[in-house]
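Enquirer: Need coordinates for the following:
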Amino acid sequence: MTAPSPVPPAGPPVPGLPWIGRLVDDSPPASSAGAAVLILLRELDSGVDTLLIERAHRPGDPASGQVGLPGGHVAPNDVSLVETALREAEEEVGVTAADLLGRPRYFATEYASAFRLRVGVFAAALDPSARAPLARDPGEVAEVYWLPAGKLSTVRPVRRETRFGPRTVDAVVHDDHVLWGFTLRVLREFFGLSSLPPATGPAAQ
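Expert: Numbering: from 1, shown residues only. Model prediction:
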């Protein structure tokens with residue numbers, strides 16, 4: 001696992017969302033990773049939610065049926081990783097830069113072992129007046145949903161099919177969606193939660 005880079009305060013914080021305000025307004029070059037994802041937040045009276053997608057089931061796709069963050073592989077024309085994150089967010093859930101409260105900020109570059117990729121992780125807040133994110137291509141994204149950040153503290157063992165075969169993994173279950181592996185690890189780091197115990201072995205991504 002690649003530890004998050006130090007993130008000194010940069011710029012005014014987004015009101016009510018200190019997790020974004022503490023991050024650096026920066027984007028590494030596209031050549032520094034193979035993919036990028038976006039942690040998209042919304043603030044409600046009940047707390048903060050983060051947007052997740054459940055990918056469509058596709059034979060031969062290691063992400064088939066998995067819950068993850070909007071994002072994907074770097075394209076040849078991408079100059080920076082933030083371009084990748086924004087392009088993928090628009091393609092997958094219809095969210096553009098105009099729907100955000102400011103430019104996405106850089107959190108870290110993490111290694112996703114299941115995909116053998118370095119992944120740039122960015123965070124942004126959805127403008128309350130923006131349109132609701134929706135799955136734009138059902139052949140790629142089966143469902144879009146919001147996860148309350150407080151749910152990330154409740155982790156339990158779940159049996160999942162992994163690239164190593166069936167394994168018991170640490171997971172968060174919300175409305176029948178199972179969040180585990182790389183995305184769970186990144187979100188817990190982002191919200192300052194403790195690392196998960198290494199009980200899940202190599203299947204933990």
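
Enquirer: need the contact list for the residue nearest the centre of the chain.
Expert: For the chain, the residue nearest the mean C-alpha position is residue 69 (3.2 Å; CA atoms, centre = their mean). By CB atoms under 8 Å, 6 or more residues apart in numbering, residue 69 lies in contact with 37, 38, 39, 40, 50, 51, 52, 53, 121, 183, 186, 187. Heads up, the C-betas are built off the backbone N, CA and C, glycines and all.

Enquirer: how does it look with 10 Å?
Expert: Under the criterion of CB atoms under 10 Å, 6 or more residues apart in numbering, the contact list for residue 69 reads 36-40, 50-53, 85, 88-89, 92, 119, 121-123, 182-183, 186-187.

Enquirer: helix, strand or coil for residue 171?
Expert: Judged by DSSP: H, G, I helix; E, B strand; the rest coil, the three-state class of residue 171 is strand.

Enquirer: Kindly give the local confidence score, pLDDT, for it.
Expert: Per-residue confidence (pLDDT) for residue 171: 92.

Enquirer: What residues sit buried inside whichever strand or helix holds residue 90?
Expert: The secondary structure element spanning residue 90 is helix 81-93 (assigned by DSSP states H and E). For helix 81-93, burial by neighbour count (16 or more other CB atoms under 10 Å) applies to 81, 82, 83, 84, 85, 86, 87, 88, 89, 91, 92, 93.

Enquirer: Dump the residues you listed to CSV, plus pLDDT.
Expert: Shown next, in CSV, are these (pLDDT from 0 to 100):
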residue, pLDDT
81, 97
82, 97
83, 97
84, 97
85, 97
86, 97
87, 97
88, 96
89, 97
91, 96
92, 96
93, 97
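
Enquirer: quick check, nearest of those residues to residue 110?
Expert: residue 81 (11.9 Å; CB to CB).

Enquirer: Could you pull up the residues touching that closest one?
Expert: 26-37, 71, 74, 104, 106, 109, 118-122.

Enquirer: Select only the buried ones of those in PyMOL?
Expert: The buried residues among the contacts of residue 81 can be selected in PyMOL (16+ other CB under 10 Å) with this line:
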select buried, resi 27+28+30+33+34+35+36+37+71+74+104+106+109+118+119+120+121+122
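
Enquirer: Just the ones of the contacts of residue 81 in strands?
Expert: 35, 36, 37, 71, 106, 109, 118, 119, 120, 121, 122 (DSSP state E).

Enquirer: Reformat those as CSV; add distance to residue 65 and pLDDT.
Expert: Below are the ones in strands among the contacts of residue 81 laid out as CSV (distance: CB to CB, whole Å; pLDDT from 0 to 100):
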residue, distance to residue 65, pLDDT
35, 18, 97
36, 22, 98
37, 17, 98
71, 17, 95
106, 29, 96
109, 26, 96
118, 23, 97
119, 19, 97
120, 24, 97
121, 22, 97
122, 24, 97
